[in-house]
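In: turn this into a structure:
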Amino acid sequence: MDIDWEWSQARETMVSRDLRDRGIRDADVLTAMSVIPRQRFVPPEYQADAYADAPLPIGDEQTISQPFMVALMTEALQLKGGERVLEIGTGSGYQTAVLAEMGAEVWTIERSSTLSARAVRLLESLGYESIHCIESDGTLGLPSAAPFDRILATGSLPDAPKRLLSQLTDGGIFVGPVGDWHCQELVRIVYHANQFEREVLCACRFVPLIGEDGWQY
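Out: Numbers count the residues shown, from 1 in each chain. Below is the predicted model:
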């Protein structure tokens with residue numbers, strides 16, 4: 001049997017069972033996640049589980065998030081195409097690819113040199129040209145490229161850092177998990193007219209974002 005066909009079928013099942021059937025409605029999110037080869041973003045020993053709705057280890061004590069959470073966070077950003085997006089925590093690069101596939105220009109920051117280099121090679125091999133990969137402390141954001149229309153944190157924070165929120169455009173949106181080390185809430189914060197509107201989307205649990213404005217070892 002053609003292995004590419006098998007992966008394609010696995011993606012279709014994931015999108016139908018774990019995304020659409022669980023309430024993801026953004027057609028662009030569903031389309032993006034139906035074409036991106038998630039199996040390329042996990043280590044070989046975990047490829048058989050690439051389309052399971054579960055996080056998987058990717059090295060350096062980091063994980064690739066479960067597909068439903070990737071879809072939920074992306075949908076919460078309310079992307080229309082053409083947005084400038086700052087991603088905090090490149091990790092495997094899978095979430096980065098989803099953002100780029102939806103037409104965003106993405107600045108993505110990763111503190112692990114190993115993960116950053118691996119993600120750069122993979123994203124380049126897949127032909128994404130609207131992605132800028134930076135190795136740095138993502139909890140500080142990227143003032144040199146600000147402001148951003150959207151900011152997405154892919155790991156947990158004690159709270160949304162003020163320095164990150166200050167890098168949003170008027171009408172900009174921050175999405176990320178905040179709370180304590182073991183349990184967080186996924187929040188969406190909309191900046192408008194010098195005010196921040198905060199909404200809790202769900203309970204969640206993410207690996208911590210280590211950095212000056214994040215968690216300290």
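
In: could you look up the SS state of the residue nearest to the spatial centre of the chain?
Out: Nearest residue to the geometric centre of the chain (Cα atoms, centre = their mean): Gln95, 3.8 Å. Recorded secondary structure, Gln95: helix (DSSP: H, G, I helix; E, B strand; the rest coil).

In: which one's the longest strand in the protein?
Out: Longest among the strand segments of the chain by residue count, using DSSP state E, is strand 168-179.

In: thinking again about what came up before, isn't the residue nearest to the centre of the chain right next to Glu87, touching?
Out: Yes - at 6.6 Å, Gln95 and Glu87 qualify as touching, with contact defined as Cβ atoms under 8 Å. Every C-beta, even on glycine, is put in place using the N, C-alpha and C of the backbone.

In: how long is stretch 84-99 from one end to the other?
Out: One end of stretch 84-99 to the other measures 10 Å (Cα to Cα, to the nearest Å).

In: list residues touching both of Gln95 and Glu87?
Out: The contact sets of Gln95 and Glu87 overlap at Leu152, Thr154 (Cβ atoms under 8 Å, 6 or more residues apart in numbering).

In: partners of the helix or strand just after the longest strand of the chain in the sheet?
Out: Using DSSP states H and E, the helix or strand that follows strand 168-179 in sequence is strand 184-192. If you go by DSSP bridges, strand 184-192 pairs up with strand 168-179 (antiparallel), strand 195-204 (antiparallel).

In: starting at the chain centroid, how far to the longest strand of the chain?
Out: Computed by Cα atoms, centre = their mean, to the nearest Å, the chain-centroid distance of strand 168-179 equals 13 Å.

In: now it: buried residues?
Out: The neighbour-count criterion (16 or more other Cβ atoms under 10 Å) identifies Leu168, Gly172, Ile173, Phe174, Val175, Gly176, Pro177, Val178, Gly179 as the buried residues of strand 168-179.

In: helices of the protein, residue ranges please.
Out: For the chain, the helices defined by DSSP state H occupy 3-14, 27-35, 67-76, 94-101, 113-125, 162-165.

In: quick one: buried residues of the second one?
Out: Translated: helix 27-35. For helix 27-35, by 16+ other Cβ under 10 Å, it's Asp28, Val29, Leu30, Ala32, Met33, Ser34.

In: which non-adjacent residue is nearest Thr74?
Out: Nearest residue to Thr74 in three dimensions, chain neighbours excluded: Val29, at 5.0 Å (Cβ to Cβ, 6 or more residues apart in numbering).

In: equivalent analysis for Gln39, please.
Out: Of all residues beyond its chain neighbours, the one nearest Gln39 is Ala50 (3.9 Å), with distances taken as Cβ to Cβ, 6+ apart.

In: distance of the one you found from Ser116?
Out: Ala50 sits 21 Å away from Ser116 when distances are taken as Cβ to Cβ, to the nearest Å.

In: that older thread, mean pLDDT added to the strands paired with strand 184-192, as CSV?
Out: Below are the strands paired with strand 184-192 laid out as CSV (pLDDT from 0 to 100):
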stretch, mean pLDDT
strand 168-179, 98
strand 195-204, 97
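
In: and for Asp180, the neighbour number?
Out: Other residues within reach of Asp180, judged by other Cβ atoms under 10 Å, total 10.

In: quick one, what contacts it?
Out: When contacts are counted by Cβ under 8 Å, 6+ apart, Asp180 touches Pro158.
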